[in-house]
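Engineer: Need coordinates for the below:
(2 chains)
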Amino acid sequence: MNKYLLPASGVAGFLIIWQIVGAFQGDFLSSPTRMVGEIVYLTTEGGLIGLVLITLGTMLIGWVLSIVIGVFVGFLIGRYRIMSVILEPYLIAKYSVPIIALVPLLVIWFGIEEGFLIATIIIATAIMLVFPTAAGTKETVRTYDQVARAYSISGWHFFIKILLPGSLPFIATGLRISVQRALMAVIVGEFLVGYNGLGTLLKDARIRLDADEVFAVAFIALLVGAVLTGAVGYLDRRLSSWRPVAVTS
Amino acid sequence: MSTSKIEIDGVGKSYVSGKRRDRKVVNALQGVNLTIAPGGFVSLLGPSGCGKTTLLKCLDGLIPITDGEIRVGGKAIKGPGRDRAFVFQDFRLFPWRSVLGNVCFPLETTVSSRAERETTARKYIEMVGLSAFEKHHPHELSGGMQQRVGIARALAVNPDILLMDEPFGALDAQTRELMQVELLRIWELTGKTVVFVTHSVDEAIFLSQRIAVFSARPGRISAEFDVPFGYPRNEHTVRGDGRFVELRHEIWGLLKGDQNSSFSE
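Structural biologist: Numbers count the residues shown, from 1 in each chain, chains lettered A, B, ... in the order given. Down below sits the predicted model:
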């Protein structure tokens, strides 16, 4: 009971204070009621649901591609030492260069429509799959290499029957931490180029200095993010159900 | 034609260890000779680091030897083969597969019919006494039960030879004794040739027909003993027998002497 009571009362307190302060400084700070009013307006008049679906669709395409690329690279690094030596400088470079610095390049390469958004998601997200997958691959090879050889399992069979299921819990961790990042990346991308979706609403709000709309979009993004995280968490528990920790917790 | 199942002929294994200037050649095994009869039960006994597990892995073909030859059924081995199966000390089961799935695993590349694989697997799951648990996952089983799965998985490929690397080393004393009796029962039932690595003198005597005692650096066989008991064996009669105590004393003396001489080096 207390597990929910404390955070719930915290949120309630925050909403009350926001409502009171918002009554005086509404144009700067909006307020819960103004935000809800804006959400209702955007839903009925502004095509909010359509925009959410567009953002979600772009995000899913970009996220799935990030997973494919990230898992593939992580697998190469974990399985072949030479690949980790070759790829390491690029991964470090990827970590130290801010994504925003790459935006002009991405615009030159992909334009300012969906291609740009998907490229942005991949650049922001794929790396988050690389290291968990590499760790899982290394661990699995270390544990099962001799088992596989003792029972003459190699090549494709080793990959499908041992490497993939063995590193799945690690990949699931990567999925969990990357889904939020992918959503953020697509919204920021839409905000930057003004191409269709939740981020476009934010861009409009910025132009019109509309605090209500900013809070409305932020709240919707929060909601979508929570649903996605919940779904991936469920997937994670399913994929790792054989792990004793997952069962007892 | 030879009457031995396994012939280990002047086998040596050396590898280079350390980096750069500290590089040196380590002789894990040197001049190891041993022959094992078909259906025999032989233990490789010695302190940790003496090379007994290395020899077992060489026998399976997991580690290449650098000297000599290992023949199985008269033919020199080149790598792992279906005539031999390995049982690991820490079980090495697949936690994402059920008991049935684990035992089916080695058959998946050779037997195309799923029903046929499961029939074979069930036969061995029954043999190790786990029929009621075939749908369980490894983490739901005790250590002893997990190693039973490991043994069933090895038996599933129907090998002539079982190579067992301290299979009961991770188990508690009571489970260990129970598993020893079980192993003898399975051995008598199937007639496999068993090579059993252990550092327990009691375990080696209770189980085997013959014991090869190792000494370390370089790893080699320092003595062989015949165990003067027939089968089936019984805990109480074997351990209470004067010859058990005598043999135990003799082997211990050998191991201790070896340890003292390696300390004084």
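
Engineer: Any residues of chain B in contact with chain A? List them.
Structural biologist: Applying CB under 8 Å from any CB of the partner chain, one finds that chain B approaches chain A through B:57, B:60, B:62, B:79-82, B:85-86, B:88, B:92, B:94-97, B:105-106, B:108-109, B:137-139, B:157. C-beta: built from backbone N, CA, C; applies to glycine.

Engineer: Just the ones in strands from those, please.
Structural biologist: Taking DSSP state E as the definition of strands, those contribute B:85-86.

Engineer: Of the residues of chain B next to chain A, which belong to helices?
Structural biologist: Counting by DSSP state H, the part of the residues of chain B next to chain A found in helices is B:57, B:60.

Engineer: In PyMOL, select just the buried ones from the residues of chain B next to chain A.
Structural biologist: Provided next is the PyMOL selection string for whichever of those are buried by 16 or more other CB atoms under 10 Å in any protein chain shown:
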select buried, chain B and resi 57+60+62+80+81+85+86+88+92+94+95+96+97+105+106+137+138+157
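
Engineer: for chain B, what are the nearby residues on chain A?
Structural biologist: Close to chain B, as judged by CB under 8 Å from any CB, chain A has residues A:143-144, A:146-147, A:149-153, A:157, A:161-162, A:165-166, A:168, A:242-244, A:247.

Engineer: Which among those count as buried?
Structural biologist: A:144, A:146-147, A:149-153, A:161-162, A:165-166, A:168, A:242-243.

Engineer: Show me which pair in these is furthest apart.
Structural biologist: Largest separation among these by CB to CB: A:152 and A:243, giving 27.7 Å.

Engineer: Can you show me the helices along chain A?
Structural biologist: A:2-24, A:26-29, A:32-44, A:48-79, A:81-96, A:103-110, A:114-125, A:127-150, A:155-158, A:164-193, A:198-208, A:211-239, A:244-248.

Engineer: Other residues contacting the second one?
Structural biologist: Counting by CB atoms under 8 Å, 6 or more residues apart in numbering or on different chains, the neighbours of helix A:26-29 from elsewhere in the structure are A:18, A:21-22, A:34, A:211.

Engineer: And for the fifth one?
Structural biologist: Counting by CB under 8 Å, 6+ apart, the neighbours of helix A:81-96 from elsewhere in the structure are A:73, A:76-78, A:123, A:127, A:130, A:134.

Engineer: so which of the contacts of helix A:26-29 comes closest to chain B?
Structural biologist: Using CB to the nearest CB, residue A:18 comes nearest to chain B of the contacts of helix A:26-29, at 47.4 Å.

Engineer: got the contact list for the closest one?
Structural biologist: Per CB under 8 Å, 6+ apart, neighbours of residue A:18: A:29, A:31-32.

Engineer: now residue B:80
Structural biologist: Neighbouring residues of residue B:80 by CB under 8 Å, 6+ apart: A:149-152, B:60-62, B:86.

Engineer: and stretch A:86-106, how far from the chain's centre?
Structural biologist: 18 Å (CA atoms, centre = their mean, to the nearest Å).

Engineer: make that stretch B:104-119, sorry
Structural biologist: Mean-position distance between stretch B:104-119 and its chain equals 25 Å (CA atoms, centre = their mean).

Engineer: what's the span of it from first residue to last?
Structural biologist: End-to-end distance for stretch B:104-119, by CA to CA, to the nearest Å: 9 Å.

Engineer: tell me the mean pLDDT over that stretch?
Structural biologist: Mean pLDDT, stretch B:104-119: 94.

Engineer: which phi and psi does residue B:110 have?
Structural biologist: The phi/psi pair for residue B:110 (degrees, to the nearest 10) reads phi -110, psi -30.

Engineer: go on, residue B:223?
Structural biologist: Dihedral angles (degrees, to the nearest 10) for residue B:223: phi -160, psi 160.

Engineer: May I have the residues that are in contact with it?
Structural biologist: Contacts for residue B:223 (CB under 8 Å, 6+ apart) come out as B:212-213, B:254.

Engineer: Quickly name whichever of the residues you listed is closest to chain A.
Structural biologist: Here the nearest of the contacts of residue B:223 to chain A, counting by CB to the nearest CB, is residue B:212; it sits at 21.8 Å.
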